[in-house]
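Asks: Sequence unavailable; structure follows:
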């Protein structure tokens with residue numbers, strides 16, 4: 001179908017706003033909000049809440065729960081930041097629309113990679129430029145364009161502060177808000193080919209902890225029991241559970257063990273992640289890894305396992321397919337093409353869809369090299385994807 005007059009104005013307004021969108025993205029990228037960096041996360045929250053407040057949104061903060069202490073070997077990753085919930089003002093008719101983005105990145109605030117800069121081929125590089133500060137700019141620009149055209153919809157925006165570390169702190173609050181909505185839209189970056197994401201794998205975290213007996217490696221080696229050796233054997237067993245053809249992923253790292261080369265180590269740890277296509281495979285992997293535990297309470301060697309499935313698999317159900325088909329049609333009407341893809345990556349769409357509403361993901365910018373020191377985005381995709389999202393929302 002062709003764009004109607006209002007949709008044409010939305011498209012043109014966003015195209016004209018493209019330079020300002022890129023400037024605002026540059027401001028966000030320059031805020032170090034990775035690795036649980038509290039000052040950067042708070043700065044990002046203020047920036048985005050100012051814009052949401054400009055739309056008249058009713059903004060509330062939902063407190064985070066403590067992150068499980070065993071999940072992450074790196075200290076300082078749990079900033080305990082709240083979930084931002086911004087609701088459109090007034091009572092508005094129509095399906096209740098949830099828009100979701102995360103304000104954290106994976107990038108170390110101390111790295112030299114701190115700014116949005118041209119790469120030389122038209123792309124722009126910067127920490128979180130694609131994942132997902134570009135998506136945040138797409139989302140807010142789309143809502144601002146809709147407001148300027150007086151298209152008033154019953155939307156809610158949620159801003160997640162801990163997505164990159166598993167959404168452990170805010171997952172309960174996110175699911176609670178999601179359950180109140182009919183449809184959801186997540187502005188994670190598009191796939192490498194520019195497609196939207198309709199289906200995602202599930203994910204879980206685990207810790208393998210091996211205990212042995214310390215001893216001097218030279219004078220008393222025979223009485224020692226190496227926890228590192230026991231851990232190594234267990235890690236090999238865990239990794240053997242992976243089956244790429246079935247979408248079963250078992251990835252291990254980082255590792256810790258031993259204090260010095262001349263001491264038989266009495267403690268060693270390995271952290272890992274699993275991915276799975278459906279809940280049956282998730283349960284199978286969970287039970288198989290938990291079964292690696294062995295040894296009595298005081299026995300050496302002994303192995304203990306801790307595990308949590310923190311993101312369920314996200315299937316492409318009928319509701320998701322309907323949203324995806326609508327988005328594909330909007331793209332055609334705007335003069336470009338997108339498809340619908342499945343990915344092994346996870347996002348907050350997994351949690352949102354578990355709570356009820358179908359969630360269409362990958363509505364953010366086109367880019368690549370995510371989680372790397374050369375992450376990039378294509379600046380023309382800001383207006384492109386904001387137009388797609390704005391018209392898709394207006395058609396709901």
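Replies: Right, received. Where do you want to start? Values in this document were obtained by computation on a predicted structure and should not be read as measured data.

Asks: what's the burial count for residue 170?
Replies: Residues within reach of residue 170, counting by other CB atoms under 10 Å, total 28. C-betas here are computed from N, CA, C, even on glycine.

Asks: quick one, what contacts it?
Replies: 62, 64-65, 81-83, 160-162 (CB atoms under 8 Å, 6 or more residues apart in numbering).

Asks: Now the two most distant members of these.
Replies: Farthest pair in the contacts of residue 170 (CB to CB) is 65 and 160. Separation: 13.3 Å.

Asks: Looking at those two now, which is surrounded by more residues?
Replies: residue 160 (26 against 12).

Asks: mind listing what residue 193 touches?
Replies: By CB under 8 Å, 6+ apart, residue 193 lies in contact with 339, 341.

Asks: tell me the SS of it?
Replies: coil (DSSP: H, G, I helix; E, B strand; the rest coil).

Asks: Give me the local confidence score for it.
Replies: At residue 193, the model reports a pLDDT of 94.

Asks: now residue 72
Replies: For residue 72, the predicted pLDDT is 83.

Asks: That one - how many residues pack around it?
Replies: For residue 72, the neighbour count with other CB under 10 Å is 19.

Asks: what does residue 335 give?
Replies: Neighbour number of residue 335 under other CB under 10 Å is 10.

Asks: Also residue 262?
Replies: Neighbour count for residue 262, taken as other CB under 10 Å: 11.

Asks: do residue 54 as well
Replies: 12.

Asks: any idea how far it lies from residue 39?
Replies: For residue 54, the distance to residue 39 equals 23 Å [CB to CB, to the nearest Å].

Asks: of the contacts of residue 170, buried ones?
Replies: For the contacts of residue 170, a burial check counting by 16 or more other CB atoms under 10 Å picks out 64, 81-83, 160-162.

Asks: Okay, and which of those residues map to helices?
Replies: Among the buried ones among the contacts of residue 170, no member falls in helices (criterion: DSSP state H).

Asks: Let's have the residues you listed in TSV, adding pLDDT.
Replies: Listed next are those as TSV, based on pLDDT from 0 to 100:
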residue	pLDDT
64	96
81	94
82	97
83	98
160	98
161	97
162	95
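
Asks: which ones among those residues are found in strands?
Replies: Counting by DSSP state E, the buried ones among the contacts of residue 170 place 83, 160 in strands.

Asks: Identify, from the buried ones among the contacts of residue 170, the entry nearest to residue 322.
Replies: Using CB to CB, these come closest to residue 322 at residue 160, 24.9 Å.

Asks: Next up, the contacts around the closest one.
Replies: 83, 100-104, 167, 170, 174, 348.

Asks: which residues of the stretch 51-200 of the chain fall in strands?
Replies: Along the stretch 51-200 of the chain, the segments classed as strands by DSSP state E, counting those that start in this stretch run 58-62, 83-87, 97-102, 117-118, 124-125, 155-160, 183-186, 196-200.

Asks: Next, count neighbours for residue 12.
Replies: Residues lying near residue 12 (other CB under 10 Å) number 14.

Asks: The one 10 residues further on now?
Replies: Burial measure for residue 22: 18 neighbouring residues, criterion other CB under 10 Å.

Asks: what's the spacing between it and residue 188?
Replies: 19 Å.

Asks: Tell me, how many residues neighbour residue 246?
Replies: Residue crowding around residue 246 was assessed by other CB under 10 Å; the count is 12.

Asks: can you pull the pLDDT of it?
Replies: Residue 246 carries a pLDDT score of 94 in this model.

Asks: Tell me if I'm right that it and residue 280 touch.
Replies: No. Applying CB atoms under 8 Å as the test, residue 246 and residue 280 come out as separate, 10.6 Å apart.

Asks: What residue, apart from its backbone neighbours, is nearest the spatially most central residue of the chain spatially?
Replies: Centroid-nearest residue in the chain: residue 347, 3.9 Å away (criterion: CA atoms, centre = their mean). Using CB to CB, 6 or more residues apart in numbering and skipping the chain neighbours, the partner closest in space to residue 347 is residue 188 (4.9 Å).

Asks: residues contacting the one you found?
Replies: Residue 188 touches 131-132, 135, 197, 347, 349, 361-364, counting by CB under 8 Å, 6+ apart.

Asks: May I see the contacts of residue 170 organised as TSV, with distance to residue 222 added?
Replies: Shown next, in TSV, are these (distance: CB to CB, whole Å):
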residue	distance to residue 222
62	57
64	49
65	47
81	51
82	55
83	55
160	53
161	51
162	47
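
Asks: domains in the chain, as residue ranges please.
Replies: 5-201+314-394, 203-310 (automatic domain parsing).

Asks: Of these, which stretch is the most buried?
Replies: domain 5-201+314-394 (a mean of 20; mean count of other CB atoms under 10 Å).

Asks: For that domain, measure first residue to last.
Replies: Terminal residues of domain 5-201+314-394 are spaced 13 Å apart (CA to CA, to the nearest Å).

Asks: for it, the distance to its chain's centre please.
Replies: Distance, stretch centre to chain centre, for domain 5-201+314-394: 10 Å (CA atoms, centre = their mean, to the nearest Å).

Asks: quick one, what contacts the closest residue to residue 60 other than its chain neighbours?
Replies: Excluding the flanking residues, the one nearest residue 60 by CB to CB, 6+ apart is residue 85, at 5.0 Å. By CB under 8 Å, 6+ apart, residue 85 lies in contact with 59-62, 156-158, 173, 177.

Asks: Swap in 7 Å and give it another go.
Replies: Counting by CB atoms under 7 Å, 6 or more residues apart in numbering, residue 85 touches 60, 62, 156, 158, 177.

Asks: Reformat the residues you listed as CSV; add pLDDT and distance to residue 240.
Replies: Listed next are the contacts of residue 85 as CSV, based on pLDDT from 0 to 100; distance: CB to CB, whole Å:
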residue, pLDDT, distance to residue 240
60, 98, 47
62, 98, 41
156, 98, 44
158, 98, 39
177, 98, 40
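
Asks: Quick check: bridge partners of the residue nearest to residue 60?
Replies: residue 60, residue 158 (DSSP bridges).

Asks: How much space separates it from residue 218?
Replies: Separation of residue 85 from residue 218 (CB to CB): 61 Å.

Asks: what does residue 368 give?
Replies: Taken as CB to CB, the span from residue 368 to residue 218 is 51 Å.
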